[in-house]
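Novice: following is a predicted model, sequence given first.
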Amino acid sequence: MNQTFWARMHGGVTHFPIALIMVSVVFDAAGFWWRDEARRREFRAIGFYSLLIAAAASPVAVLSGIALSKGILLGTGMLALHHYFIWPAFGLLIGLAVWRLVVRERASRRAGGFYLVLASLTLVAMMTAGYWGGEMIIGK
Amino acid sequence: MKLSLEFKGVILGIISALAAVGIAFAAGKAFRPPPSGDGAGLVIPPAGTQAHQGYTLFMMNCAHCHGNDAHGDEGPDLHGVTKSDARIASMIKNGVKGEMPKFGSKLTDTDVQALIAFVRTLNE
């Protein structure tokens, strides 16, 4: 498998975690602030499963990226900028998914709010990493 | 001492996050090709020169494909390039279809000239 294969694979699979964490944060935020309790539960369920699928897809995205960069874990220039954001985002995504799996619907409102802040940070880090990744592949 | 469910989740989450990043870093070693053995490092042009400016731009925009030592990685080795300045400038600005991105709107003409000056130092 050559670098072109890994470039296409990485470009394709990275969009699953990015899109799903975005969906997850939006619905979890709605599940945090919505007035109707029944609706809140539904929003949180969407947020939960989106997060789980994002976390499940992320190792494929990370491994294809590692293969694409031939094992370079930091690098220089735009590759380094991409990595400065993707490693924290990947760790946070996995950590948050495990936390949600353990806690499920039993989180206090305070913990839920703290979770939402961390999930938003994960989303920002992932989108920033995606921006620098795009800059590398596409140029301008 | 009884830990709350939320706190247990935090501990498990941190362990999982560290394990995931650790496994990814270990996988990085598996994907890393063996060193080529040529050992040729990059001679950094003196600070304040146009070539040094080009070196800085190279490390930021080009090194992830052409290698930190410009000996090539996914992109070709830039040592001993014999193309004209105009041809190199055109390749940087317009890219090479399917092989190299275009940097025409990201880099100014001055930047491109600095990059060319840096590439020329690789021939020395």
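Specialist: Alright, I've got the coordinates. Numbering: from 1, shown residues only, chains lettered A, B, ... in the order given.

Novice: where in the chain is pLDDT low?
Specialist: Answering for chain A, as no chain was given. Within chain A, the ranges that satisfy pLDDT under 70 run A:1-3, A:138-140.

Novice: not quite, I wanted chain B
Specialist: Confidence mapping of chain B against pLDDT under 70 gives the ranges B:1, B:34-41.

Novice: contact residues of it facing chain A?
Specialist: Residues of chain B lying near chain A by CB under 8 Å from any CB of the partner chain: B:5-6, B:8-10, B:12-14, B:16-18, B:20-21, B:24-25, B:27-33, B:59-64, B:68, B:73-74, B:95, B:100-106. The way it works is simple: take the backbone N, C-alpha and C, and place the C-beta from them, glycine included.

Novice: are any of these buried, and if so which?
Specialist: The neighbour count (16 or more other CB atoms under 10 Å in any protein chain shown) marks B:6, B:9-10, B:12-13, B:16-17, B:20-21, B:24, B:27-28, B:31, B:59, B:61-64, B:68, B:73-74, B:95, B:100-104 as buried among those.

Novice: nearest spatial neighbour of residue A:107, chain-adjacent residues omitted?
Specialist: Of all residues not flanking residue A:107 in the chain, residue B:6 sits nearest, at 6.1 Å (CB to CB, 6 or more residues apart in numbering or on different chains).

Novice: measure residue B:122 to chain A for me?
Specialist: 17 Å (CB to the nearest CB, to the nearest Å).

Novice: now do the contacts for the residue nearest to residue A:107.
Specialist: The contact partners of residue B:6, taken as CB atoms under 8 Å, 6 or more residues apart in numbering or on different chains, are A:103, A:106, A:107, A:108, A:111.

Novice: in a helix, it, correct?
Specialist: Yes. Counting by DSSP: H, G, I helix; E, B strand; the rest coil, residue B:6 is part of a helix.

Novice: what distance do you get for it to residue B:12?
Specialist: Here residue B:6 is placed at a distance of 11 Å from residue B:12 (CB to CB, to the nearest Å).

Novice: is stretch A:44-60 positioned near chain B?
Specialist: Yes. Under the criterion of CB under 8 Å from any CB, chain B is reached by stretch A:44-60 at residue A:59.

Novice: got the CA positions of that stretch in CSV?
Specialist: Backbone C-alpha positions of stretch A:44-60 (Å, rounded to 0.1, in the frame of the first residue of the first chain) are rendered in CSV as follows:
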residue,chain,number,x,y,z
ARG,A,44,-28.4,13.2,25.2
ALA,A,45,-28.9,9.8,23.6
ILE,A,46,-28.0,11.1,20.2
GLY,A,47,-25.0,12.9,21.7
PHE,A,48,-23.9,9.7,23.4
TYR,A,49,-24.1,7.4,20.4
SER,A,50,-22.5,10.0,18.1
LEU,A,51,-19.6,10.2,20.5
LEU,A,52,-19.2,6.5,20.7
ILE,A,53,-19.1,6.1,16.9
ALA,A,54,-16.7,9.0,16.6
ALA,A,55,-14.4,7.4,19.2
ALA,A,56,-14.7,4.0,17.4
ALA,A,57,-13.7,5.6,14.1
SER,A,58,-10.9,7.7,15.5
PRO,A,59,-8.2,4.9,15.8
VAL,A,60,-8.6,4.2,12.0
